[in-house]
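J.: could you look at this predicted model? Sequence included:
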Amino acid sequence: MRENSIAEITLRKYESPANLEKRELIKKICLSLGLLQPGDSRDIVVDILQILVESKKSEKKELEVEEIQKRITKNREEHNLEIKGIAESNIRRQLKRLKDIFLVEKTTEGYRINELESLSKLFEEKIEKFYIESIISRIKEYLNELEK
């Protein structure tokens with residue numbers, strides 16, 4: 001039997017999201033979904049998700065990694081944040097993490113929020129109903145097997 005997990009997710013609960021600026025709100029979403037660790041200064045995933053959300057709202061188009069990288073640089077400059085972690089390889093790694101939890105998809109044109117859908121609907125349909133339910137179901141299989 002393999003010891004490697006097939007699926008894994010970390011969920012965290014934070015205070016109510018009142019009066020947060022957009023970047024801070026997206027950071028809490030990333031923390032809540034385990035995409036970012038508390039106290040982690042390497043928060044490029046926040047910029048990537050923010051850029052893809054903004055692109056979905058305004059342009060409704062896919063973005064190539066180079067365009068994401070350019071927008072991250074501009075976004076970090078506007079928020080007086082260090083310009084670090086923006087290597088193309090790191091951006092691709094973070095995009096893969098977002099793809100792995102079904103928030104982002106890659107098309108022939110680039111990356112976008114999955115099906116240009118709302119994040120709340122994606123969370124409900126892809127993470128809550130599909131991903132988490134399948135993990136819980138497998139845990140129940142193990143528990144039932146133990147009871148035999």
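T.: Received it, and whenever you're ready, just let me know what you need.
J.: secondary structure class for the residue nearest the centre of the chain?
T.: The chain has L98 as the residue nearest its centroid, 3.8 Å off, counting by C-alpha atoms, centre = their mean. State at L98, reduced to three classes by DSSP: H, G, I helix; E, B strand; the rest coil: helix.
J.: test my guess that it contacts L49.
T.: Yes. Applying C-beta atoms under 8 Å as the test, L98 and L49 come out as touching, 6.6 Å apart. C-betas here are computed from N, CA, C, even on glycine.
J.: separation between the nearest residue to E88 once chain neighbours are set aside and E59?
T.: Leaving aside its sequence neighbours, E88 sits nearest to V65 (C-beta to C-beta, 6 or more residues apart in numbering; 5.7 Å). Distance of V65 to E59, given as C-beta to C-beta, to the nearest Å: 16 Å.
J.: those two - which one has more neighbours?
T.: The neighbour count for V65 versus E59, taken as other C-beta atoms under 10 Å, is higher for V65 (16 against 10).
J.: quick one: contacts for that one?
T.: 88, 91-92, 95, 110-111 (C-beta atoms under 8 Å, 6 or more residues apart in numbering).
J.: pLDDT score for it?
T.: We note a pLDDT of 97 for V65 in this prediction.
J.: can you give me the buried ones in stretch 80-92?
T.: Going by neighbour count (16 or more other C-beta atoms under 10 Å), the buried part of stretch 80-92 is 81, 85-86, 90-91.
J.: inside helices: which ones of these?
T.: Per DSSP state H, helices hold the following members of those: 90-91.
J.: any chance of the buried residues of stretch 80-92 in JSON lines, plus distance to R42 and pLDDT?
T.: Putting the buried residues of stretch 80-92 into JSON lines (distance: C-beta to C-beta, whole Å; pLDDT from 0 to 100) gives the following:
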{"residue": "L81", "distance to R42": "11", "pLDDT": "88"}
{"residue": "G85", "distance to R42": "5", "pLDDT": "85"}
{"residue": "I86", "distance to R42": "11", "pLDDT": "91"}
{"residue": "N90", "distance to R42": "9", "pLDDT": "95"}
{"residue": "I91", "distance to R42": "12", "pLDDT": "96"}
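J.: circling back: which neighbours do L98 and L49 have in common?
T.: 35, 104.
J.: where does the residue nearest to the centre of the chain land on pLDDT?
T.: pLDDT, read off for L98, is 96.
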